[in-house]
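Visitor: kindly return the folded structure for what I paste below:
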Amino acid sequence: MRRLGLIFCLLMCSVVLHARGPLYVVNGRVVESIDHIPHEDIRSIDVLPANEQTIATWGSDASEGVILVTLCYDTPAQFLSEGIANYTDYLATKVNWGDNMPAERVSLRIVVDTSGRASVSEVLEATSRQYLKRVVRAIEASPLWSPAMLDGAPVTTQHLVNLTLPVGKSMPREQVVIVL
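Guide: Numbering: from 1, shown residues only. Down below sits the predicted model:
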């Protein structure tokens, strides 16, 4: 019985190992997942089949195929200011929105150009115009980013900004009416 259990365990381990999925390669580097990459950062995706040539190039890890992802940059744009590395946290400190004010939310697509200047390219959601104006002013007055780089030259990139203020206050639930 013990032997049967050991054989079953070995079989299950081999099934789990073979069910790994494809090998992900981003800008020439093997990564565990591509789930964290925003779609606007992807320039191209190539899918290589699990054939002899792919396995010879990428090794046995490519036995389920390879997904090659090429980004729009080699190094991503970075925001560093006053010890704050997160742009949303920076905006939260710069937008004048008191704790006594209602919770508001904004979702924006911003562009960081080759000089490092951030600007709003699209408003995806805003719960009030007053709040949106304050967030846009904070973005326009923000310090420069270090722009993304591709082959040693700066490139323009897009980023998403989701900001809810006051910090820690949740948005009121929307009233929904269901008609049957």
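Visitor: beyond the lowest-mean-pLDDT helix or strand in the chain, next helix or strand please.
Guide: For the chain, counting by mean pLDDT, DSSP states H and E, helix 2-18 ranks last in confidence among helices and strands (a mean of 48). Toward the C-terminus, helix 2-18 is succeeded by strand 23-26 as the next helix or strand (DSSP states H and E).
Visitor: so how far is the helix or strand following that next one from its chain's centroid?
Guide: Using DSSP H and E, the helix or strand that follows strand 23-26 in sequence is strand 29-31. On the basis of CA atoms, centre = their mean, to the nearest Å, the separation between the geometric centre of strand 29-31 and that of its chain is 16 Å.
Visitor: could you list the domains of the chain?
Guide: Taking automatic domain parsing as the domain assignment, the record places the domains of the chain at 21-71, 87-165.
Visitor: okay, how far is it across the shortest one, tip to tip?
Guide: Think domain 21-71. 21 Å (CA to CA, to the nearest Å).
Visitor: coming back round to it: tell me the most buried of the domains of the chain?
Guide: Between the domains of the chain, the one whose residues have the most neighbours on average, counting mean count of other CB atoms under 10 Å, is domain 87-165 (a mean of 16). Every residue, glycine included, has its C-beta placed from N, CA and C.
Visitor: and that one, how far out from the chain's middle?
Guide: On the basis of CA atoms, centre = their mean, the separation between the geometric centre of domain 87-165 and that of its chain is 15 Å.
Visitor: which stretches in this structure count as helices?
Guide: Secondary structure of the chain (DSSP state H): helices located at 2-18, 52-58, 87-94, 129-140.
Visitor: low-confidence ranges in this protein?
Guide: Within the chain, the stretches with pLDDT under 70 are 1-19, 169, 171-172, 174-177.
Visitor: for the nearest residue in space to residue 125 that is not next to it in sequence, list each beta-bridge partner.
Guide: Leaving out its chain neighbours, the residue that sits closest to residue 125 by CB to CB, 6 or more residues apart in numbering is residue 107, at 4.2 Å. With beta bridges defined as DSSP bridges, residue 107 has these partners: residue 125, residue 162.
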